[in-house]
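# take this sequence and fold it.
(2 chains)
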Amino acid sequence: DAKTTQPPSMDCAEGRAANLPCNHSTISGNEYVYWYRQIHSQGPQYIIHGLKNNETNEMASLIITEDRKSSTLILPHATLRDTAVYYCIVSRGYSTLTFGKGTMLLVSP
Amino acid sequence: GAVVSQHPSWVICKSGTSVKIECRSLDFQATTMFWYRQFPKQSLMLMATSNEGSKATYEQGVEKDKFLINHASLTLSTLTVTSAHPEDSSFYICSAPPGGGGNQPQHFGDGTRLSIL
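Got it, this is the predicted structure:
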């Protein structure tokens, strides 16, 4: 699986949009971009995934660049409960997931 | 949606005892399940791949005789930490991809916090 690069930490004010970037310059054609988050002492929670088109669900939006070398996860209105470590993972989906260090998002009042 | 249940969520036991952790897929069949371990302030590390009806595949550096994996049915995989010692204390997490391949996301259990005294 391709490797990803994320900033170690980000801050966001409650109610504002949180934009979390991810670089995956070695992504291959059949690999998807998955986003998970992990709240302290819990298992990872699936957020969203995509191949090349932008995706949106009830939790977030995923913007993938045209060359697929980077993506951005957008939480449109961050709340305190969104404070977590966010992992961007590139995978074919049914294979193992390789977790990097992720981005620690701190949402403040 | 796909749900993975893990039990127990928390266990404390004495050094030398064996501990069994269960991972169940509640509304789908999982021919494959994955076991991860997470130490404090670190990321998840894959330990092994559990395959229904066959032997598990272990990652380099993971002792297969120490961490016994059984995947006897399409909805249950178990991880047994044998003769546990304090250095085995960690957060153990399982995951399962929905059957049929494809790109559907894996779903994770809530993890098991293991503390060996």
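# how near is A:L20 to B:F28?
Using C-beta to C-beta, to the nearest Å, we find A:L20 at a distance of 29 Å from B:F28. Where C-beta positions appear, they are placed from N, C-alpha and C, glycine not excepted.
# likewise A:T79?
As judged by C-beta to C-beta, A:T79 and B:F28 stand 30 Å apart.
# what about the strands in chain B?
Assigned by DSSP state E, chain B shows strands spanning B:4-7, B:10-13, B:19-25, B:32-38, B:45-51, B:57-58, B:67-73, B:76-81, B:90-96, B:107-108, B:112-116.
# A:T79 and B:F28: which is more packed in?
Taking other C-beta atoms under 10 Å in any protein chain shown, A:T79 and B:F28 do not tie; B:F28 has more neighbours (18 against 12).
# and the gap between that one and B:Q104?
To B:Q104, B:F28 is 10 Å away according to C-beta to C-beta.
# repeat that for B:S43.
23 Å.
# with B:H85 instead?
Plainly put, B:H85 is 38 Å away from B:Q104 if you go by C-beta to C-beta.
# more neighbours: these two, which one.
B:Q104 (18 against 12).
# residues near B:D27, how many?
B:D27: 11 neighbours (other C-beta under 10 Å).
# quick check: pLDDT value at it.
With respect to pLDDT, B:D27 has a value of 86.
# correct me, but it touches B:V3?
Yes. Here B:D27 reaches B:V3: they are 5.8 Å apart, a contact under C-beta atoms under 8 Å.
# and for the two, which residues touch both?
Residues touching both B:D27 and B:V3 (C-beta atoms under 8 Å, 6 or more residues apart in numbering or on different chains): none.
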